[in-house]
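Student: Following is a predicted model, sequence given first.
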Amino acid sequence: MIRVPTETSPRDGSRAVLLALVLLLTGCATGSPAPAGPRLPPGHAGFDYQIGGAYPPPAGVRVVTRDRADSPAKGLYNVCYVNAFQAQPQERADWPADLLLRDRAGEVVIDEDWDEPLLDIGTPAKRKRIADRVNRWTDGCAEKGYDAIEPDNYDSYTRSHRLLTAADATAFMRLLTRHAHARHLAVGQKNTPELAGHRKSAGLDFAVAEECGQYDECETYARAFDDRVLDVEYTDSGLRKALAGWGSRLSIVRRDLDVSTPGEAGYVRRTG
């Protein structure tokens, strides 16, 4: 509470009252600092990529990525995987038909590698409607106790047959990062090295790169994100290249392409 001096001249008293009112209205009276931003993942830390299913993190792991349907790992830095730019095959029917990207013949545009329909982020109105749905998933990540989100398929515009643009992708990403930051979650840029230079305008905080060692892209991410990079390699040769060039700076793990869980056929996890 601000006390206004009583032993003053009328003129001084008026000034004191005015000052008190200004301080109260602007919130400057407390001198409280600006709210801190979201917590970022630790640099050059043990990392595991578990989007194919959660399991107890191996010894030495400090950062883990899991699907939004799973719970975070206790005591670690947790990244919540969200398929933000494309629809999961089993969730296609959950999306309004007009929010699926269609070609000039009216056919839904599909990411053939994963059988995932692309979402139509080509207009501000559609971007907002899609973001409203994705942001509800982000809310779920926050409520579970995750530290960050990983919105996947930022590069889907490159598979859109020129129906979408890089500008569409960054505009949509801004809607996601603003909401995530309001929930005190950091946001990782998934792949898309060609847009790494736009990280600040898009509101992105760190990178999640797949095979940056294999494709000689680690430097692009490292420069843009000040080495705050989580790299997943899917081949032994990619792991060797990533470790040789960036093993002392980035967080690197080798996983199998299906990101299986221990005990499943094909499970692979290596860090060296």
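Tutor: Alright, I've got the coordinates. Just so you know, these numbers come straight off a predicted model, no measurement behind them.

Student: Now do W114 against E91, distance only.
Tutor: 12 Å (CB to CB, to the nearest Å). No exception for glycine: its C-beta is placed from N, CA and C like everyone else's.

Student: in this structure, which helix or strand is least confident?
Tutor: helix 10-26 (a mean of 41; mean pLDDT, DSSP states H and E).

Student: Starting from the very next helix or strand once past that one, tell me which strands it pairs with and how they run.
Tutor: Remark: after helix 10-26, the chain's next helix or strand is strand 46-50, criterion DSSP states H and E. According to DSSP bridges, strand 46-50 forms sheet pairs with strand 61-67 (parallel).

Student: Show residues contacting the strand it pairs with.
Tutor: 41-42, 45-54, 57, 72-73, 76-81, 150, 208, 230, 251 (CB atoms under 8 Å, 6 or more residues apart in numbering).

Student: just checking, A54 touches D70?
Tutor: Yes: with contact defined as CB atoms under 8 Å, A54 counts as touching D70 (4.1 Å).

Student: Could you chop the chain up by domain?
Tutor: Annotated domains of the chain cover 1-32, 36-270 [automatic domain parsing].

Student: Can you lay out those domains as CSV showing mean neighbour count?
Tutor: Below are those laid out as CSV (neighbours: other CB atoms under 10 Å):
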stretch, mean neighbour count
domain 1-32, 10
domain 36-270, 18
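
Student: Kindly report which one of the ones you listed carries the lowest mean pLDDT.
Tutor: Lowest mean pLDDT within these: domain 1-32, at a mean of 39.

Student: F85 is in contact with D120, isn't it?
Tutor: No: between F85 and D120 there is no contact under CB under 8 Å: 10.3 Å.

Student: Who are the contact partners of V108?
Tutor: Neighbouring residues of V108 by CB under 8 Å, 6+ apart: 100-102, 117-118.

Student: need the contact list for A242.
Tutor: With CB under 8 Å, 6+ apart, A242 has these contacts: 212-214, 218, 231, 233, 250, 252.

Student: Shouldn't it be within a helix?
Tutor: Yes: applying DSSP: H, G, I helix; E, B strand; the rest coil, one finds A242 inside a helix.

Student: Enumerate every residue touching the spatially closest residue to it that is not a sequence neighbour.
Tutor: Closest residue to A242 apart from its sequence neighbours, by CB to CB, 6 or more residues apart in numbering: G213 at 2.7 Å. Taking CB under 8 Å, 6+ apart, we find G213 in contact with 231, 233, 238-243, 245-246, 252.

Student: same question, R39
Tutor: 77, 147, 184, 186.

Student: does the last one really touch L40, like I thought?
Tutor: Yes: with contact defined as CB under 8 Å, A186 and L40 form a contacting pair (5.4 Å).

Student: Chain neighbours aside, what residue packs nearest to V79?
Tutor: T65 is the one closest to V79 (CB to CB, 6+ apart), at 4.2 Å.

Student: how much space between that neighbour and P72?
Tutor: For T65 relative to P72 (CB to CB), the value is 10 Å.

Student: Can you work out which residues contact both of those two?
Tutor: 78, 80.

Student: Confirm that C80 sits in a helix.
Tutor: No: membership of C80 in a helix is not supported by three-state DSSP, which gives strand.

Student: and the gap between it and A59?
Tutor: On the measure of CB to CB, C80 and A59 end up 23 Å apart.

Student: Please work out which residues outside stretch 155-164 touch it.
Tutor: Here stretch 155-164 has contacts from 85-86, 101, 103, 109, 111, 118-122, 165-166, 168-169, 190-192, 194-195, using CB under 8 Å, 6+ apart.

Student: Inside helices: which ones of these?
Tutor: Taking DSSP state H as the definition of helices, the contacts of stretch 155-164 contribute 166, 168-169.

Student: can you put those in TSV and add distance to L175?
Tutor: Shown next, in TSV, are these (distance: CB to CB, whole Å):
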residue	distance to L175
A166	16
D168	11
A169	11
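
Student: rewinding a little: need the residues touching each of A186 and L40.
Tutor: 148, 205-206.

Student: Which secondary structure element is home to C141?
Tutor: Short version, using DSSP H and E: C141 is in helix 124-144.
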